[in-house]
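A.B. asks: coordinates for the following, if possible.
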Amino acid sequence: FGPFQAQLADLPGGRLHETIPNFHHTRSRFENLRRAVKENTAGRVSEVKAEIDFAFAHEADADRLLALQAKGEISERVTHNDTKINNVMLDDVTGRTVAVIDLDTIMPGLPLYDFGEMVRTSASSTFEDDPNPANMRVQLPYFRALVEGYLGSPVGSVLNATERAHLGFAGQLMTYENGIRFLTDYLQGDVYYKIKHPRHNLERCRTQFALVASIEAARDEMAAIVQEVFARR
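C.D. replies: The predicted structure follows:
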């Protein structure tokens, strides 16, 4: 995904069409949650007070990257927006990348969204819907591997210092965003995500919030990894 972003950094022409407006606009996602809490369509607000409190306690995170973008400290670029490992084709013999696939979400975005989604899905200790949130934490060796691969690619020369400094936070933000999306859907009666049982979205939410807390606790270690890896480039 690093080379993918680097190759598109100087794409000529106008701004790409937003196939899904506000897809990773965390403030919009948070406002959706606020409405869901107020409307309480499925009558579930009283049973998820702890999750709602966690989401609201982290509200400021929703604006952090958007504020940096508004000040011109980070730049909008062409991004993939769904950077899971199953959206990369690998060579059966070498194990190395052949191509990025699932291109329907390519649109304007922040490179940090792409990296953050990689952290959320590839540097976590358990499944997204593990019913026991205590099993979820950030895996620092996997985070280091992601940083080494990402900053070691051509995109390492494209990102500025502010973007590099927020690589760890990007994982926290994308995890938080997905957590509030799961919580919103649960409060609305499970109208968006496919579920396997009535509490599926709630379990997803709790596991994501556990990962948010783990990334927060590892903030300094993650920042040190980024600094060390970049210094060795």
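A.B. asks: what segments of this structure are helices?
C.D. replies: 2-7, 26-39, 49-57, 61-70, 111-122, 140-151, 161-165, 167-187, 200-217, 219-231 (DSSP state H).
A.B. asks: which stretch in those is the model least sure about?
C.D. replies: Here the lowest mean pLDDT among the helices of the chain goes to helix 2-7, at a mean of 91.
A.B. asks: re the thing from before, redo the helices of the chain as JSON lines? Include distance to residue 98 and mean neighbour count.
C.D. replies: Bear in mind the C-beta positions are built from the backbone N, C-alpha and C, glycine included. Output for those, formatted as JSON lines (distance: least, C-beta to C-beta, whole Å; neighbours: other C-beta atoms under 10 Å):
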{"stretch": "helix 2-7", "distance to residue 98": "12", "mean neighbour count": "19"}
{"stretch": "helix 26-39", "distance to residue 98": "32", "mean neighbour count": "17"}
{"stretch": "helix 49-57", "distance to residue 98": "39", "mean neighbour count": "15"}
{"stretch": "helix 61-70", "distance to residue 98": "31", "mean neighbour count": "16"}
{"stretch": "helix 111-122", "distance to residue 98": "18", "mean neighbour count": "25"}
{"stretch": "helix 140-151", "distance to residue 98": "15", "mean neighbour count": "18"}
{"stretch": "helix 161-165", "distance to residue 98": "27", "mean neighbour count": "16"}
{"stretch": "helix 167-187", "distance to residue 98": "25", "mean neighbour count": "26"}
{"stretch": "helix 200-217", "distance to residue 98": "29", "mean neighbour count": "23"}
{"stretch": "helix 219-231", "distance to residue 98": "25", "mean neighbour count": "15"}
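A.B. asks: tell me which of the ones you listed lies nearest to residue 95.
C.D. replies: Judged by C-beta to C-beta, the one of the helices of the chain that comes nearest to residue 95 is helix 140-151, at 12.7 Å.
A.B. asks: would you put the C-alpha positions of stretch 156-176 in PDB?
C.D. replies: Coordinates of the C-alpha atoms in stretch 156-176 are reproduced here as PDB (Å, rounded to 0.1, in the frame of the first residue of the first chain):
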ATOM      1  CA  GLY A 156       8.300   7.300   3.100                       C
ATOM      2  CA  SER A 157       9.700  10.200   1.000                       C
ATOM      3  CA  VAL A 158       6.200  11.500   0.300                       C
ATOM      4  CA  LEU A 159       5.000  11.800   3.900                       C
ATOM      5  CA  ASN A 160       5.900  14.900   5.900                       C
ATOM      6  CA  ALA A 161       7.000  14.900   9.500                       C
ATOM      7  CA  THR A 162       3.500  15.600  10.900                       C
ATOM      8  CA  GLU A 163       2.100  12.600   9.000                       C
ATOM      9  CA  ARG A 164       4.900  10.400  10.200                       C
ATOM     10  CA  ALA A 165       4.300  11.500  13.800                       C
ATOM     11  CA  HIS A 166       0.700  10.400  13.600                       C
ATOM     12  CA  LEU A 167       1.100   6.900  12.200                       C
ATOM     13  CA  GLY A 168       0.400   5.400  15.600                       C
ATOM     14  CA  PHE A 169      -2.600   7.700  16.300                       C
ATOM     15  CA  ALA A 170      -3.900   6.800  12.800                       C
ATOM     16  CA  GLY A 171      -4.400   3.200  14.000                       C
ATOM     17  CA  GLN A 172      -6.200   4.500  17.100                       C
ATOM     18  CA  LEU A 173      -8.400   6.700  15.000                       C
ATOM     19  CA  MET A 174      -9.500   4.100  12.500                       C
ATOM     20  CA  THR A 175     -10.200   1.700  15.300                       C
ATOM     21  CA  TYR A 176     -12.200   4.300  17.200                       C
END
